[in-house]
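>>> Any chance you can model this:
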Amino acid sequence: MHTALEKVRELLNGVVAVAVTPFNEDLSVDEEGFVRVIRHMRQGGVEAITVNGNTGEFFSLTADERRLLVRLALDATARSGVIAGVGLDSRTASQEAQLFADLGVSAIMIHDPAHPFWSREGWAEYNSEICRSVPETPVVLYVRSQKVDADAIAKVARENRNVVGIKYANEDVQLLREAMRRSSRDLVWVCGLAELWFPVFSILGVSGFTTGLANVAPKKSLGLHYQVYARGPSASAGILATLEEFETMRQESHSRDNVSVVKEALAQLGVCGRAVRPPLSTLSVERRDRVSRLLSAWEADDE
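Below is the predicted model of the structure:
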């Protein structure tokens with residue numbers, strides 16, 4: 001397991017793409033489109049890909065679909081660098097974690113609990129139960145809610161030796177600092193708020209970030225990581241300026257179009273369709289035109 005942990009640490013120290021789930025017009029999973037998305041990112045240089053993440057519309061997928069997507073991703077990547085998301089009730093998450101581990105994923109990522117009411121102690125036990133179900137498989141915890149505190153994060157990491165990283169998707173920088181201080185083990189901290197927040201988080205020692213944008217423009221995500229890693233946060237200003245509008249579109253109105261913006265861009269590039277499942281919706285004509293202008297600007301930049 002030591003070798004597996006080190007490999008996953010290496011992956012988390014870089015760019016971790018969260019793959020979309022393409023759908024056909026009848027909203028069934030577009031298997032061929034999904035494989036094209038995975039290959040598009042791999043050809044662009046991305047080594048770590050999360051399947052069944054929030055950008056992949058995890059909470060709109062059935063159990064059979066979640067398992068199908070993991071198998072497709074493993075085949076498309078020669079079983080290298082696939083991180084599988086699990087969640088919902090702890091029993092389902094544990095069973096799927098075991099299945100995905102047996103299939104050969106590199107790591108498991110545990111979503112925040114879907115329950116509307118939970119305690120810090122319950123959060124810790126929920127994550128620990130899933131970790132215990134796959135003791136030989138690296139696990140990444142996903143911290144989104146501000147209800148979690150540093151003690152709960154440190155407790156799960158301390159008591160489960162297969163916890164290799166924390167995907168931190170919370171704007172509370174003080175909580176991040178405290179959690180990093182209390183978690184004495186050699187954890188990898190990953191910025192779960194994507195490109196725009198990565199330079200800020202890197203100052204605190206966060207070494208990688210997750211991204212939906214990499215579905216569309218993987219080389220831009222990798223370029224940002226290189227600039228910050230090799231030259232420092234201040235060197236990222238230029239590339240951030242080119243990415244800001246795209247990411248801002250995804251964040252507007254409480255992130256209602258977070259996934260739809262990515263899929264619209266992929267549709268315009270001919271990689272997969274723009275369809276999303278309720279409760280999401282496709283973009284308006286005006287917002288589609290806005291995406292088109294951004295893609296044209298990126299193409300001009302690359303020439």
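>>> what comes up buried for the helix or strand containing A152?
A152 is part of helix 150-159 when elements are defined by DSSP states H and E. Judged by neighbour count (16 or more other C-beta atoms under 10 Å), helix 150-159 contains these buried residues: A150, A152, I153, A154, K155, V156, A157. C-beta here means a position set from N, CA and C on the backbone, and glycine is covered the same way.
>>> got it, and stretch 255-262?
Across stretch 255-262, burial judged by 16+ other C-beta under 10 Å covers D257, N258, V259, S260, V261, V262.
>>> number of nearby residues for A78?
Other residues near A78 come to 9 when the count uses other C-beta atoms under 10 Å.
>>> Would you double-check that it falls in a helix?
No. Looking at A78 with DSSP: H, G, I helix; E, B strand; the rest coil, it is coil, so not inside a helix.
>>> Return the distance of it relative to V134.
Between A78 and V134 the distance, using C-beta to C-beta, to the nearest Å, works out to 22 Å.
>>> Distance from the chain centre to the helix holding A152, please.
Taking C-alpha atoms, centre = their mean, to the nearest Å, one finds helix 150-159 lying 21 Å from the centre of the chain it belongs to.
>>> How about stretch 79-91?
Taking the mean of its C-alpha atoms, stretch 79-91 sits 11 Å from the chain's own mean (C-alpha atoms, centre = their mean).
>>> Show me the shaky parts of this structure.
Within the chain, the stretches falling below the threshold (pLDDT under 70) are 1-2, 184, 303.
>>> need the strands for it, in chain order.
Counting by DSSP state E, residue ranges of the strands within the chain are 15-18, 48-51, 82-86, 107-110, 139-143, 163-168, 188-191, 208-211.
>>> what would those strands look like in a markdown table with distance to A73 and mean neighbour count?
Putting these into a markdown table (distance: least, C-beta to C-beta, whole Å; neighbours: other C-beta atoms under 10 Å) gives the following:
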| stretch | distance to A73 | mean neighbour count |
| --- | --- | --- |
| strand 15-18 | 11 | 29 |
| strand 48-51 | 5 | 27 |
| strand 82-86 | 5 | 28 |
| strand 107-110 | 13 | 27 |
| strand 139-143 | 16 | 26 |
| strand 163-168 | 18 | 26 |
| strand 188-191 | 19 | 25 |
| strand 208-211 | 16 | 29 |
